[in-house]
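*Asks:* Predicted coordinates and the sequence they were generated for:
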Amino acid sequence: MHASRRAAQNGATPALVTAFRFAIAALGGALALVLTSMSLLSLRVARQVITPANRRPDTRLLDLDTQAQTVTLQRTADTVLPGRYGLFTTGTESYVKVGTVLSADDETVTRKLLTHVGSGAHLAPDAAFSGWYFSHPDELHLDWTPELVGSAVGPCPAWRFPAGDGTTWVVQVHGRGTTRSEALRAVPVFHALGITSLVVSYRNDGEAPRSRTGTYALGATEWRDVDAAIGFARRRGARRVIVMGWSMGGAIALQLALNSAHRDAIAGLVLDSPVIDWRVVLDYQAGLMNLPQPVTRLAIDALGSEWGTAFTRTGSPIPFDRLDVVARADELRHPVLILHSDDDGFVPSDASHDLLAARPDLVELEAFEVARHTKLWNYDQDRWSHAISDWMRRHDLSGATADS
């Protein structure tokens, strides 16, 4: 029986049947388009996670008063923070230091300039607010030497700050999307304890050599370059090594603690705003971007699977299970100090609390509020410094001074 006759018998006209078929086809096409769009978005997100990127503006410079030596910025959760910070910009200055908040309203924040800016200066409106503060080793007024650490990808630049008798070193590991200067804030704390600092670079960070793929592995391969730095320290007299990691540098430090050929020399870990489980971080950041859960799940699947490497160009899958140190907490053997703000805003502190719960025998957590991501030193330098110094002394990790 023809469709038109069946439709007539069922009370539907041929025109209605045709319209229905058209609607079904259109709906199927729309669904396919949605799925394709979601897939493309997921792959784009995945690619962004592992692609090194230049610093992006996150605020606007609204006014520069060279007479009063103040700067007015667009108000954000970071630009209104108390303390001392840095500001990346372009123009006659590329980086300036800012201090006290002088005034603030719902839209703007005016802060004191700690870098003198001349009357003829011109700064571009796009700016990036930073916790770096120190941008070069000379600013610390401590003896230092440039070094090159040989690694599988080539020579990785480092800064060495000698202290004490040279038998205890700290290797400083910066985070994702930044460079060695991020870690300079910690050097004076360890120097005062008689500990030599080695501030290192690693593959694809813009200072160390590029890997074959040129992408981050979120700590899964970068730890090998830092492991080479520990070997460098041992060859120059280090008998004990503390590893300090910032943000993704925390993930790298934890991989060292679990995998390093020099595990016997590692005496402890200090982690500032660390990534302890990447899936927690990626879920959180996807929420900030209002991404649908299926997009987030597909992005993580693409990063962690063989099929996804064709699109992400990582060369091999990201081993999220291996990078989940909460799940691997029973493998830890070294004391760990975590400094993390519960309103981090970028890397949530949940996994830090979870790691403390899993290994209270090894892990201590100094939980901050207000301080945001990797800006704990800037927000409360005294508390941050004392937390590290006290922990080091409790674990008998202070270095011997040259005079002792």
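*Replies:* Great, that's in hand. Since this is a predicted model, take the numbers as computed values, not measurements.
*Asks:* which residues sit against the top strand by length along the chain?
*Replies:* If each strand of the chain is counted by residues according to DSSP state E, the longest one is strand 95-104. Contacts to strand 95-104, defined as C-beta atoms under 8 Å, 6 or more residues apart in numbering, come from residues 70-71, 75, 80-89, 109-115, 117, 123, 133, 135. C-beta here means a position set from N, CA and C on the backbone, and glycine is covered the same way.
*Asks:* And those residues, which of them are buried?
*Replies:* For the contacts of strand 95-104, a burial check counting by 16 or more other C-beta atoms under 10 Å picks out 70-71, 75, 81, 83-89, 109-111, 113, 117, 123, 133, 135.
*Asks:* sorry, back to before: how far off strand 95-104 does whichever helix or strand comes after the longest strand of the chain point, in degrees?
*Replies:* Downstream of strand 95-104, the first helix or strand assigned by DSSP states H and E is strand 108-113. Using axes from the mean of the first three to the mean of the last three C-alpha atoms, to 10 degrees, the inter-axis angle of strand 108-113 relative to strand 95-104 is 130 degrees.
*Asks:* Report the rounded mean pLDDT for strand 108-113.
*Replies:* Strand 108-113 carries an average pLDDT of 98.
*Asks:* now stretch 88-100
*Replies:* 96.
*Asks:* got it, and stretch 213-230?
*Replies:* 97.
*Asks:* that older thread, the longest strand of the chain: partners in the sheet, and parallel or antiparallel?
*Replies:* If you go by DSSP bridges, strand 95-104 pairs up with strand 85-88 (antiparallel), strand 108-113 (antiparallel).
*Asks:* Helix or strand next in line after the last one, which one?
*Replies:* To tie it back to what came earlier, the one meant is strand 108-113. Scanning forward in sequence from strand 108-113 by DSSP H and E, the next helix or strand is strand 126-130.
*Asks:* Which other helices and strands does that following strand contact?
*Replies:* Packing contacts for strand 126-130, counted by 3 or more C-beta pairs under 8 Å, 6 or more residues apart in numbering; DSSP states H and E, involve strand 59-65, strand 85-88.
*Asks:* For the ones you listed, could you give me a markdown table that also reports distance to Thr178?
*Replies:* Formatted as a markdown table, the helices and strands packed on strand 126-130 follow (distance: least, C-beta to C-beta, whole Å):
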| stretch | distance to Thr178 |
| --- | --- |
| strand 59-65 | 17 |
| strand 85-88 | 11 |
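*Asks:* Nearest to Gly164, out of these?
*Replies:* Ranking the helices and strands packed on strand 126-130 by proximity to Gly164 (C-beta to C-beta) places strand 85-88 first, at 28.9 Å.
*Asks:* Please list the residues outside the closest one that contact it.
*Replies:* Residues from elsewhere that reach strand 85-88 (C-beta under 8 Å, 6+ apart): 55, 61, 71, 73, 78, 94-98, 127-133, 135, 375, 378.
*Asks:* With stretch 140-152 instead?
*Replies:* Under the criterion C-beta under 8 Å, 6+ apart, residues 134, 137, 155-162, 184, 187-188, 191, 198, 200, 202-203, 208-209, 224-225, 228-229, 232 lie in contact with stretch 140-152.
*Asks:* Emit the ChimeraX select command for whichever of the residues you listed are buried.
*Replies:* Taking 16+ other C-beta under 10 Å as the burial criterion, the selection of buried members of the contacts of stretch 140-152 in ChimeraX is written as:
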select :134,137,156,157,158,159,160,161,162,184,187,188,191,198,200,202,203,208,209,224,225,228,229,232
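*Asks:* So which of the contacts of stretch 140-152 sit within helices?
*Replies:* Counting by DSSP state H, those place 187-188, 191, 224-225, 228-229, 232 in helices.
*Asks:* Of those, which pair is most distant in space?
*Replies:* Farthest pair in these, by C-beta to C-beta: Pro188 and Arg224, 28.9 Å.
*Asks:* how's the protein carved up into domains?
*Replies:* Residue ranges for each domain of the chain read 3-50, 59-130, 137-277+324-394, as given by automatic domain parsing.
*Asks:* of these, which approaches Gly304 most closely?
*Replies:* Across these, Gly304 has its closest neighbour in domain 3-50 (9.4 Å, C-beta to C-beta).
*Asks:* Show the average pLDDT along the closest one.
*Replies:* On average, the pLDDT along domain 3-50 is 58.
*Asks:* got the residue ranges for the helices in this protein?
*Replies:* Applying DSSP H to the chain gives helices spanning 3-9, 14-50, 187-192, 222-235, 248-259, 278-288, 293-304, 309-312, 320-323, 350-358, 376-379, 381-394.
*Asks:* neighbours of the nearest residue to Leu258 once chain neighbours are set aside, just the number please.
*Replies:* Nearest-residue entry for Leu258: Glu331, 5.6 Å, with adjacent residues in sequence omitted and distances by C-beta to C-beta, 6 or more residues apart in numbering. If you count neighbours by other C-beta atoms under 10 Å, Glu331 ends up with 12.
*Asks:* and if you look at the one 10 residues further on?
*Replies:* Other residues within reach of Ser341 by the criterion other C-beta under 10 Å amount to 25.
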